[in-house]
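1. structure here, sequence nowhere to be found:
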């Protein structure tokens, strides 16, 4: 009896077997049968490949043999050849991959898996979903491993994670086409809104009436390149655009300035000089008279404290960091224009790897155009010009599109290319009439995808870091002010008391003061 009781107790103590514990690992998300069905349908019906190629790439297939077969189909389509059992088999032979995938029988067997291609689009999308799941698992694993490394920089990890996730989205979740009836509805709504608005400016105002007359403001989704030789005034002009947009009396728009060349303090000093009409040299050295200090406080700081201007002086900013920051600024703060100073100082990838510099700049310009389209805001990028301008022997120093430095892709990707040219930069101190042309600046629109080409004359008052409409220099800093005659509430951009001047410095954890990351300026 005791022996039986002991046996019963042993039986009760024996743990039950959990079937799931027998599986040592997890199977990646996959849909082999659907992969076979899609490949078979492509070979059975003409035109099925066109449907699939808009959704899938070779890497989306889980089975390696299926990846190779799809690659052969892609090569055939690229040569405008039909895609069927015979042509795919021959293409695999020419690739030397027929035996690797299991021989002709494997290709033939795929067509037995499907009767028609009626549901091929739905099947292809399921395959894509499984691939994205596998990619998310892979990326999460990499992030997990990197996060355990003590030497890893937190901001580098965040940037790496965001760029990898964006790559999945950008490469595999593309927007589909729109039918014209849907686009017509949206277009007519926009036309009606502009008609009721009763104003010539349809985008973000530049603050220069003569320039806005040609451009109608900076248009959403546009990439605008502003190029000039060093010391002509590119940065001063760009900061005028940011200040004019943020403080415009009727159409205020938040402006984000990414300065890769100057610190945020230097940028603010330039904006203060332009706003208060006090020479930059005095502000930089702190050599201000008492009346100038009062003027700086009342006419400069008081207005700028309400301006929705955001400044980031992260050096060597790459396109992934820029994209992430711009998304947050647009979504969280309603930024309406993005300014980058300047394009050639950007790096193309977060890991620093890449091809030659020309290819890297080409990719940056394409990505900037993509950023403008994604966020529906104008992106203004400053650019350097090559020395070819100086080498011309005919005396004509007006910049041309071929003078853009390091890449022809800048000219190709941009919706608008503008050149700044000052005759006095080349020691040409008088015009054809013998009159002084001090400060005269030609803004030449050399490319305008959606408008006319023209040359606008402005007046540069660089000691005040201002640009004004030509002929307004009698009252330095005053004649070209688009806010003249308005009270302080009107000048402050619609009375938006919540808007602040934000400055972000650096992107490394050990360089940041946790009390000052994304902060209100101390005024």
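-> Structure received. Model, not experiment: these values are computed from the prediction.

2. switch to C-alpha atoms for all contacts and neighbour counts from now on
-> Fine.

3. which residues touch the nearest residue to residue 29 once chain neighbours are set aside?
-> Among residues not flanking residue 29 along the chain, residue 130 sits closest, at 5.3 Å (Cα to Cα, 6 or more residues apart in numbering). Applying Cα atoms under 8 Å, 6 or more residues apart in numbering, we find residue 130 in contact with 29, 30, 31.

4. name the nearest of these relative to residue 375.
-> residue 29 (32.4 Å; Cα to Cα).

5. name the SS class of the closest one, please.
-> coil (DSSP: H, G, I helix; E, B strand; the rest coil).

6. tell me if I'm right that it and residue 134 touch.
-> Yes: counting by Cα atoms under 8 Å, residue 29 touches residue 134, with 6.2 Å between them.

7. the helix or strand where residue 76 lies packs against which elements?
-> Element membership for residue 76 (DSSP states H and E) is helix 64-78. Packing contacts for helix 64-78, counted by 3 or more Cα pairs under 8 Å, 6 or more residues apart in numbering; DSSP states H and E, involve helix 32-44, helix 85-95.

8. contacts for that helix, please.
-> Counting by Cα under 8 Å, 6+ apart, 35-36, 39, 58-61, 82-83, 87-88, 91-92, 95, 97, 100-101 sit against helix 64-78.

9. can you give me phi and psi for the residue nearest in space to the middle of the chain?
-> For the chain, residue 371 is the residue whose C-alpha lies nearest the centre (Cα atoms, centre = their mean; 2.9 Å). As for residue 371, its main-chain torsions (degrees, to the nearest 10) stand at phi -60, psi -40.

10. what of residue 443?
-> Dihedral angles (degrees, to the nearest 10) for residue 443: phi -100, psi 100.

11. how about the one 4 residues further on?
-> The phi/psi pair for residue 447 (degrees, to the nearest 10) reads phi -140, psi 130.

12. measure how buried it is and give me the count.
-> 21 (other Cα atoms under 10 Å).

13. burial check on the nearest residue to residue 63 once chain neighbours are set aside, number of neighbours?
-> Sequence neighbours aside, residue 32 is the residue nearest to residue 63 in space, at 7.1 Å (criterion: Cα to Cα, 6+ apart). Neighbour count of residue 32, defined by other Cα under 10 Å: 14.

14. surely residue 32 touches residue 39?
-> No: applying Cα under 8 Å, one finds residue 32 not in contact with residue 39, separated by 10.7 Å.

15. which among the contacts of helix 64-78 end up buried?
-> 35-36, 39, 58, 60-61, 82-83, 87-88, 91-92, 97, 101 (16 or more other Cα atoms under 10 Å).

16. okay, now the unreliable bits of the stretch 1-150 of the chain?
-> 1-25 (pLDDT under 70).

17. swap in 80 and give it another go.
-> Within the stretch 1-150 of the chain, the set of residues satisfying pLDDT under 80 comprises 1-26, 47, 113-117.

18. specify the local secondary structure of residue 139.
-> Classified using three-state DSSP, residue 139 is helix.

19. burial count for it?
-> 17.

20. all numbers from here: first residue = 36
-> Yes, from this point I'll number from 36; that puts the last item at residue 174.

21. residues contacting it?
-> Applying Cα under 8 Å, 6+ apart, the residues near residue 174 are 196, 199, 200.

22. the first one: what secondary structure?
-> Put plainly, it is residue 196. Applying three-state DSSP: residue 196 is helix.

23. now for it, how many residues are close by?
-> Neighbour tally, residue 196, other Cα under 10 Å: 16.

24. ok, and the closest non-adjacent residue to it?
-> residue 178 (6.7 Å).

25. show me what counts as buried in stretch 139-150.
-> 139, 141, 142, 143, 145, 146, 148, 149.

26. please read the previous query as pertaining to stretch 221-238.
-> 236, 237, 238.

27. what's the closest of those residues to residue 156?
-> residue 238 (39.3 Å).

28. mind pulling up the pLDDT for that closest one?
-> Residue 238 is assigned 82 on the pLDDT scale.

29. residue 166 belongs to a helix, doesn't it?
-> Yes: read with three-state DSSP, residue 166 is one of the residues of a helix.

30. residues contacting it?
-> By Cα under 8 Å, 6+ apart, the neighbours of residue 166 are 64, 65, 95, 96, 97.

31. so what's the first one up against?
-> Contacts for residue 64 (Cα under 8 Å, 6+ apart) come out as 165, 166, 168, 169.

32. any chance of the residues you listed in CSV, with distance to residue 293 too?
-> Converted to CSV, those look like this (distance: Cα to Cα, whole Å):
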residue, distance to residue 293
165, 38
166, 36
168, 35
169, 36
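
33. farthest-separated two in the residues you listed?
-> Using Cα to Cα, the contacts of residue 64 span at most 6.3 Å, a distance reached by 165 and 169.

34. okay, now the closest residue to residue 484 other than its chain neighbours: neighbour count?
-> Nearest residue to residue 484, sequence neighbours excluded (Cα to Cα, 6+ apart): residue 450, at 5.1 Å. For residue 450, the tally of surrounding residues (other Cα under 10 Å) stands at 20.

35. which pLDDT value belongs to residue 450?
-> Per-residue pLDDT puts residue 450 at 88.

36. next: residue 409.
-> 85.

37. tell me the contacts of it?
-> residue 256.

38. after the host helix or strand of it, next one along is what?
-> Using DSSP H and E, residue 409 maps to helix 392-410. Helices and strands here follow DSSP H and E; after helix 392-410, the next one along the chain is strand 414-419.

39. which elements pack onto that next one?
-> For strand 414-419, the packing partners by 3+ Cα pairs under 8 Å, 6+ apart are strand 258-263, helix 269-281, strand 370-376, helix 392-410.

40. taking the mean pLDDT, what do you get for that strand?
-> 88.

41. next one: stretch 500-512
-> Here the average pLDDT along stretch 500-512 is 58.

42. about what we covered before: closest to residue 438 among the buried residues of stretch 139-150?
-> Using Cα to Cα, the buried residues of stretch 139-150 come closest to residue 438 at residue 142, 53.9 Å.

43. right, and the closest one touches residue 124 too?
-> Yes: using Cα under 8 Å, residue 142 is in contact with residue 124, at 7.0 Å.

44. tally of neighbours for the closest residue to residue 241 other than its chain neighbours?
-> Ranked by Cα to Cα, 6+ apart and with sequence neighbours excluded, the top spatial neighbour of residue 241 is residue 276, at 5.3 Å. When neighbours are counted by other Cα under 10 Å, residue 276 registers 22.

45. any idea how far residue 276 lies from residue 411?
-> 18 Å (Cα to Cα, to the nearest Å).

46. check residue 187 too.
-> 34 Å.

47. the helices in the stretch 436-558 of the chain, which residues?
-> 444-448, 523-526 (DSSP state H, counting those that start in this stretch).

48. hey, least reliable of the ones you listed by pLDDT?
-> helix 523-526 (a mean of 40).

49. any regions of the stretch 336-485 of the chain where pLDDT drops low?
-> 336-341, 350-356, 359, 377, 379, 382-396, 421-432, 435, 437-446, 460-474.

50. if we go to 70?
-> 383-390, 428-430, 440-443.

51. phi, psi of residue 464?
-> The phi/psi pair for residue 464 (degrees, to the nearest 10) is phi -100, psi 0.

52. surely it meets residue 475?
-> No: if you go by Cα under 8 Å, residue 464 and residue 475 don't touch, sitting 9.5 Å apart.

53. who touches both of those two?
-> With Cα under 8 Å, 6+ apart as the test, residue 464 and residue 475 both reach residue 458.

54. more crowded one of those two?
-> residue 475 (24 against 16).

55. distance of that one relative to residue 463?
-> 11 Å.

56. now do residue 196
-> 53 Å.

57. and if you look at residue 286?
-> Distance from residue 286 to residue 463, by Cα to Cα: 38 Å.

58. ok, these two, which is more surrounded?
-> Comparing residue 286 with residue 463 by neighbour count (other Cα under 10 Å), the higher total belongs to residue 286, at 16 against 12.

59. so what's the more buried one scoring on pLDDT?
-> Reported pLDDT for residue 286: 79.
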